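Novice: have a look; sequence and predicted model below, questions after that.
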Amino acid sequence: MNLETANFYRKLAGIYDELFPVEASTMQFLNEAGARPGRPVLDLACGSGLYTEALLREGVDAYGLDASPDLIERARARSSHPERFVLADMREIGSVTAPLPPLFDLVFCIGNSISHLDSAAEVRSVLGSVAGILDGPDARVVIQYVEMEEIPVGSARNLPALRAGGGRFERRYVRTEWHRVTFEAALVDEDTDERDAIRNELLVLRTAELVDWLGEFGFGSVEVWGGFERQPIEDSWVRVVAATPE
């Protein structure tokens, strides 16, 4: 994470929970996917840890991992189980040990976090590492991302602005190449109009390729939905992929 991005997320951390609250439909999906009391679950790129914390309150043996020191600090400060939050990049998941257990029943990576990886090779590497830490007959990985394949090169997609704590969070995707989009984000103080912005290059995930890669790592059953309410993909920009090893 570069310095500009780190500083931006430091400011975002203060209102992150209000911007991205826990959604009942997401929790229900995760519960049905394997996040049940006593079962080990990993929230990969957990942000401020809201979903990890919500699962812990349900008795799930949940852990959260994120590369942002500020978001992990916020997660630890809120939680009665601060040791459950690990500061690490998802690309390091194959080498992270304590306090994480060696195996999980469910690993989930939501919020378009996987698109922040630099290349298809890194996505495949993370998927391979995840496959290595899943165990059990009902083990599963759940990945959520924004579908950007349909944005023509040179065109943009604006997401609705989010508001919290007197601030406005603006997001825009600009397709620059067939495999890249520029993510333009801004935090705007609605009282002073002061603006902090970042531009990050994101990977365009192609769903068909992602399904193929999951197959390479032994995920024999793969479902793709348009959201956590299992909407048809034609009705949404969001993709939720749930995969189970053979």
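Specialist: Perfect, thanks for sending it. Numbering: from 1, shown residues only.
Novice: where's the residue located most distally from the centre of the chain relative to residue 155, distance?
Specialist: When each C-alpha in the chain is compared with the mean C-alpha position (C-alpha atoms, centre = their mean), residue 192 comes out farthest, at 31.1 Å. Using C-beta to C-beta, to the nearest Å, residue 192 is found at 32 Å from residue 155. To be clear about C-beta, it is placed using only N, CA and C from the backbone, and glycine gets the same treatment.
Novice: strands of the protein, start to end?
Specialist: Assigned by DSSP state E, the chain shows strands spanning 40-44, 61-66, 85-87, 106-109, 140-146, 156-164, 167-177, 180-189, 195-203, 219-225, 238-245.
Novice: mind giving me the domain ranges of this structure?
Specialist: Per the record's domain assignment (automatic domain parsing), the chain is made up of the domains 3-147+205-245, 156-202.
Novice: highest mean neighbour count out of those domains?
Specialist: Using mean count of other C-beta atoms under 10 Å, the stretch among these with the largest mean neighbour count is domain 3-147+205-245, at a mean of 18.
Novice: quick check: longest helix of this structure.
Specialist: Among the elements of type helix in the chain, defined by DSSP state H, the one spanning the most residues is helix 120-133.
Novice: surely residue 18 and residue 166 touch.
Specialist: No. Applying C-beta atoms under 8 Å as the test, residue 18 and residue 166 come out as separate, 10.3 Å apart.
Novice: any low-confidence regions in the protein?
Specialist: Counting by pLDDT under 70, the ranges of the chain that qualify are 1-3.
Novice: ends of stretch 175-193, how far apart?
Specialist: Across stretch 175-193, the terminal residues are separated by 27 Å (C-alpha to C-alpha, to the nearest Å).
Novice: off-centre distance for it?
Specialist: With C-alpha atoms, centre = their mean, to the nearest Å as the basis, the distance from the averaged C-alpha position of stretch 175-193 to the chain average is 18 Å.
Novice: so what's the backbone phi/psi at the nearest residue to residue 29 once chain neighbours are set aside?
Specialist: Leaving out its chain neighbours, the residue that sits closest to residue 29 by C-beta to C-beta, 6 or more residues apart in numbering is residue 228, at 4.3 Å. Backbone dihedrals for residue 228, given as degrees, to the nearest 10, come out at phi -80, psi -10.
Novice: what residues are up against residue 228?
Specialist: Applying C-beta atoms under 8 Å, 6 or more residues apart in numbering, we find residue 228 in contact with 23, 25, 26, 28, 29, 144, 240.
Novice: so what's the first one up against?
Specialist: With contact set as C-beta under 8 Å, 6+ apart, residue 23 has these partners: residue 228.
Novice: middle-most residue in the protein, spatially?
Specialist: To find the centre residue of the chain, average its C-alpha atoms and take the closest one (C-alpha atoms, centre = their mean): that gives residue 110, at 2.9 Å.
Novice: quick one: the nearest residue to that one once chain neighbours are set aside from residue 165, how far?
Specialist: The spatial neighbour of residue 110 that comes closest, neighbours along the chain excluded (C-beta to C-beta, 6+ apart), is residue 144 at 4.0 Å. Relative to residue 165, residue 144 is positioned 25 Å away (C-beta to C-beta).
Novice: over to residue 177?
Specialist: Plainly put, residue 177 is 35 Å away from residue 165 if you go by C-beta to C-beta.
Novice: and what of residue 196?
Specialist: As defined by C-beta to C-beta, residue 196 lies at a distance of 14 Å from residue 165.
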